[in-house]
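Asks: need a structure here:
(chains A and B)
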Number of protein chains: 2
Amino acid sequence: MGLIVQKYGGSSVANAESIKRVAARIAATKRSGQQVVVVVSAMGDTTDELIDLANQVSPMPNGRELDMLLTAGERISMALLAMAISNLGLEARSFTGSQAGIITTSTHGRARVIDVTPSRIQEALAEGAIAIVAGFQGVAQDTKDITTLGRGGSDTTAVALAAALEADVCEIYTDVDGVFSADPRIVPAARKLKSVTYEEMLELAASGAKVLHLRCVEYARRFNLPIHVRSSFSNLEGTWVVKDQPEGGDMEQAIISGIAHDKSEAKITIVGVPDRAGVAARIFQAIADNDINIDMIVQNVSAAATGLTDISFTLPRAEGSRATGIVQKLQGEIGFQSIQYDDQIGKLSLIGAGMRSHPGVTATFFAAMADAGVNIEMISTSEIRISIVCRESDVERAVKAAHTAFDLDADQIEAVVYGGSGR
Amino acid sequence: MGLIVQKYGGSSVANAESIKRVAARIAATKRSGQQVVVVVSAMGDTTDELIDLANQVSPMPNGRELDMLLTAGERISMALLAMAISNLGLEARSFTGSQAGIITTSTHGRARVIDVTPSRIQEALAEGAIAIVAGFQGVAQDTKDITTLGRGGSDTTAVALAAALEADVCEIYTDVDGVFSADPRIVPAARKLKSVTYEEMLELAASGAKVLHLRCVEYARRFNLPIHVRSSFSNLEGTWVVKDQPEGGDMEQAIISGIAHDKSEAKITIVGVPDRAGVAARIFQAIADNDINIDMIVQNVSAAATGLTDISFTLPRAEGSRATGIVQKLQGEIGFQSIQYDDQIGKLSLIGAGMRSHPGVTATFFAAMADAGVNIEMISTSEIRISIVCRESDVERAVKAAHTAFDLDADQIEAVVYGGSGR
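Replies: Modelled structure (predicted):
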């Protein structure tokens, strides 16, 4: 008998009808002879509604209390789901994050899972019940206070539980059919991928693909747990996220698995920075101290005549004004000339494990960009990724051109992803 | 430094504005130098909305899961209240029933408190924080599942916590000014009582007064904990529920403290029951086995010629058809003639500790009923209570007549209560 962990997002349990539909799917899985653990998010817009209520009583809600408040959302959806399953003649028991043994740090709003002790879940499974677990929440090891895991939290709960329970697979149900070679809204010829590796999925997630959160993929890779991303609205096979691409397939490994893009970043350029040791470190330490994540960094060669250089970096637009303020405060100490802020940029990333053994990818990519009239402003690479920054208005044209240049439009290639802002 | 437990019902925290108003009241109490523990119910109609959702996914929601669902209600109100208090510059921490150490039986939907271990609350108080506790909920000692305490549950939580913490007083905030000598909607001259004894309050609650639940008064009496029932919409002194009426007051102890009425009961009469030992026991055992609470019972003297008698009893209307069915099934075994069901009855109760030392109360009462043209159908008495059953349509006239007959309308008497259906 296998053990499956299934995770359903808020859009899959938005109302009573959806909950009954999901209950039927879970019951079918259980009746097929599997042990089933289900992780569920809050219904539809519940979380936003609760945040709205919090803002009505306090302009700056206390973190501990905001976590207490938000965790009511999954409590509601999980109890309703358990009832709906009971109504189909199967036993289902719901468990809060704390009851399920999701032990975390005490950083409210973005706690990290540090241990999983799912004895109550194992008991329920042993007694033949389906366990329904609240996603996104846990309990702090030191304070015993209720915590939430932040963005992508329910996916992380699912993967962490699946790893602790040594499940065969963690199925992540969503409102799309799987992981695509590019955002289908931009590239109509984009194809659903049969599988991607953890590494590729990590790069895709980091580059703007929204289908899975970075943390959950990291967790799955660490425990070598297969993830199956699929739609809760169909029975179609989705995309498997696994350690290695399956061998002996009927196709050659694609050089590029997928193309991700991201329109949520901004660029800050510090002009006329004295080119001496320790200056860049001083700047980025100040930003890191304020908990702002930097993405790409570029520094020009300094002009010999002046000994000055320019430093550019990208970061989430939401942090733009805060970061600008932090850098501004360093002007007296460092003595740079000015700061430029640009929130009209876009990022495009090619991802593919095949890149390692295929030289020339960069040349092909840049040629395609040139042909499409896309000006490259910044470049960053990893072993299996090439990212460029261009004008935001050029992003869609760039994605299409790259998708074609690497033959991803063709039927015979199984490759990967998409992303985009507002997903 | 004193310790006060305050309980706010759903109507006191119905929206963000009310929550901020209650937060200000709590902050004022804390700033006056008291330690404060607050027990809060779910916001306004939240519980009804959650029950409605449950009914949408299952016609017969599982008890464990219904409790899990409903407890989300207080989780929301308590977190919001804690945030609102923090916003006023005081520290407030919210605790679920489980975190507050409310240990119960595992009877879902109407668990009973069997222990209170409020170490986390004591810690919070010692650190100068205000503790906000979810009412109505606890955790089962054996299964560790989340439970709810049923009707009046939040009042019970407040009193149980106050007793465990050895609080000076438990303040129950509601939307009326206190306990009245009769329902002010029926008797405009009804007066707010300064104080009533536990015994009187128990009889009042059992006789239809809705302001406090029986269980919470029982609990307070057991621990000799003073309850102060007052309005959350004013700063007026309310009604104290205490062991003894304060001595040395400027008035004589009233014979009758208050008049309660109840229009929520029905009467079942079993006609032509063989008058032999064990028959009544058989009937009432069958009803008790089905968890139906009986109120008054009357059995006529049997007619010598037939050896048959009639047995009448009252019970909640909501249980009427179920009880009728149970009795019907016994017809073959017992051999009675027929069953009559009457849901047009009303009950009126005079309550007063002074009754013990004043003979003649019954005579005065019955004379007043006769003068008012109210026909008495059943009578039941305790040491400090006389209850009658009459036509439902006669109840209001009967309450007014009794209120006048015992001089409760007069200014110089401090006496008690009211009640009524639909309160």
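
Asks: from here on, just use CA atoms for contacts and neighbour counts.
Replies: OK.

Asks: just give the nearest non-adjacent residue to residue A:97, would you?
Replies: For residue A:97, ignoring the flanking residues on the chain, the nearest one in space by CA to CA, 6 or more residues apart in numbering or on different chains is residue A:138 at 4.4 Å.

Asks: I'd guessed the one you found sits against residue A:101; true?
Replies: Yes. Taking CA atoms under 8 Å as the definition, residue A:138 is a contact partner of residue A:101 at 7.5 Å.

Asks: which of these two has more residues huddled nearby?
Replies: For residue A:138 versus residue A:101, neighbours defined as other CA atoms under 10 Å in any protein chain shown are more numerous around residue A:138 (32 against 19).

Asks: for that one, give its distance to chain B.
Replies: Here the distance between residue A:138 and chain B works out to 14 Å (CA to the nearest CA, to the nearest Å).

Asks: SS state for that residue?
Replies: Secondary structure, DSSP: H, G, I helix; E, B strand; the rest coil: residue A:138 is strand.

Asks: so the nearest residue to residue A:29 once chain neighbours are set aside is in which element?
Replies: For residue A:29, the nearest residue in space outside its immediate sequence neighbours is residue A:36; the separation is 7.3 Å by CA to CA, 6+ apart. Residue A:36 is part of strand A:35-40 when elements are defined by DSSP states H and E.

Asks: ok, that strand: who's next to it in the sheet?
Replies: The strands that strand A:35-40 pairs with in its sheet are strand A:3-8 (parallel), strand A:130-134 (parallel) (by DSSP bridges).

Asks: near chain B, which residues of chain A?
Replies: A:16-17, A:19-20, A:53-54, A:56-62, A:65-66, A:68-70, A:72-73, A:75-76, A:79-84, A:86-87, A:93-94 (CA under 8 Å from any CA of the partner chain).

Asks: out of those residues, list just those in helices.
Replies: Helix and strand membership here follows DSSP state H; of the residues of chain A next to chain B, those in helices are A:16-17, A:19-20, A:53-54, A:56-57, A:65-66, A:68-70, A:72-73, A:75-76, A:79-84, A:86.

Asks: which residues touch the most centrally placed residue in chain A?
Replies: With distances taken as CA atoms, centre = their mean, chain A has residue A:213 as the residue nearest its mean C-alpha position (2.0 Å). Each residue near residue A:213 by CA atoms under 8 Å, 6 or more residues apart in numbering or on different chains is listed here: A:151-152, A:155, A:205.

Asks: at 6 Å what do you get?
Replies: Neighbouring residues of residue A:213 by CA atoms under 6 Å, 6 or more residues apart in numbering or on different chains: residue A:152.

Asks: one step back: weed out the non-buried ones from the residues of chain A next to chain B.
Replies: When the residues of chain A next to chain B are checked for burial by 16 or more other CA atoms under 10 Å in any protein chain shown, the buried set is A:16, A:19-20, A:53-54, A:56-58, A:61-62, A:65-66, A:68-70, A:72-73, A:75-76, A:79-84, A:86-87, A:93-94.

Asks: what's the neighbour count on residue A:277?
Replies: Residues within reach of residue A:277, counting by other CA under 10 Å, total 8.

Asks: quick one: residues contacting it.
Replies: Neighbouring residues of residue A:277 by CA under 6 Å, 6+ apart: there are none.

Asks: roughly how far apart are it and residue A:283?
Replies: 12 Å (CA to CA, to the nearest Å).

Asks: residue A:129: what's it in contact with?
Replies: Residues in contact with residue A:129, defined by CA under 6 Å, 6+ apart, are A:91-92.

Asks: sorry, wrong one. I was asking about residue A:191.
Replies: In this structure, residue A:191 makes contact with A:180-181, judged by CA under 6 Å, 6+ apart.

Asks: what about it, distance to residue B:95?
Replies: For residue A:191, the distance to residue B:95 under the criterion CA to CA works out to 49 Å.

Asks: got it, and residue A:200?
Replies: When CA to CA is the yardstick, residue A:200 and residue B:95 sit 43 Å from each other.

Asks: many thanks, we can stop here.
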